[in-house]
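>>> Okay, predicted coordinates and the sequence, questions at the end:
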Amino acid sequence: MKYICFGYYDKGKFDGMTESERDAMFDKCFEYDEHLRANGYRAGGEALQPSETALTLYWKNGKVATTDGPYAETKEQLGGILVLEARDMNHAVQLMAQHPAMTFGNIFEIRPVGDMSEIIEASEQRRRKKTARAS
C-alpha cells in the first residue's frame, strides 16, 4: 500500500545550522532515502521550495482567488513529500521512525493514499454517456 509522508521542518532551526551541519543532515537523510529505494519502499518524492514561494487558491464570491504563501501559518513548514510503499500503517511508521531527519527535529505526517480508481471510472462512464447523447 502507498503512503504519502509529509516532511515538516523548523525553518528557524534550519537557517541556524552551519553549512557543514546541513550537509551532514542531508547526507544522512539521502543515504536513508537510498536505503528505502533499494529495498522497494521509496516509490517517489520531491522537495519543496520555501513556503514563501507558495500560492494558495480558494473559491471566493463565485471565482478563484489567491493568497501568497501557504494555507496555514505555522512554525513548521512543509519541506517535501515522500511516497512510501509499506505493508500497512505500522510498517510505514517503522520505516519513517528510522529516518535521520527525525533526529534533526523534523516531523513526518503519514497518510494512506486514497484509491480513486472506482470514482474515476464512474466519472468516465458518466462523461462518455453525456458525450454520446450530445452527438
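Okay, I see it.
>>> lowest confidence element among the helices and strands of the chain?
Across the helices and strands of the chain, mean pLDDT, DSSP states H and E gives its lowest value to strand 55-60, namely a mean of 86.
>>> So which elements touch it?
Counting contacts by 3 or more CB pairs under 8 Å, 6 or more residues apart in numbering; DSSP states H and E, strand 55-60 is packed against strand 63-68. To be clear about C-beta, it is placed using only N, CA and C from the backbone, and glycine gets the same treatment.
>>> average pLDDT for the strand it packs on?
Here strand 63-68 scores 88 as its mean pLDDT.
>>> buried stuff in the very next helix or strand once past that strand?
The first helix or strand that comes after strand 63-68 along the chain, using DSSP states H and E, is strand 76-85. Residues of strand 76-85 classed as buried by neighbour count (16 or more other CB atoms under 10 Å): 76, 77, 78, 79, 80, 81, 82, 84, 85.
>>> between those, which is nearest residue 95?
Distance ranking of the buried residues of strand 76-85 against residue 95, using CB to CB, places residue 84 first at 6.3 Å.
>>> Nearest spatial neighbour of that closest one, chain-adjacent residues omitted?
Among residues not flanking residue 84 along the chain, residue 3 sits closest, at 4.5 Å (CB to CB, 6 or more residues apart in numbering).
>>> so the residue sitting nearest the centre point of the chain bridges to which residues?
Residue closest to the average C-alpha location in the chain (CA atoms, centre = their mean): residue 81, at 2.7 Å. In this entry, residue 81 is beta-bridged to residue 6, residue 46, by DSSP bridges.
>>> From residue 64, how far out is it?
Distance of residue 81 to residue 64, given as CB to CB, to the nearest Å: 24 Å.
>>> now residue 132
With the distance defined as CB to CB, residue 132 ends up 31 Å from residue 64.
>>> just residue 17 next, same as before
Here the criterion is CB to CB. By it, residue 17 lies 38 Å from residue 64.
>>> repeat for residue 99
Relative to residue 64, and taking CB to CB, residue 99 is found at 36 Å.
>>> From residue 20, how far out is residue 102?
For residue 102, the distance to residue 20 (CB to CB) stands at 20 Å.
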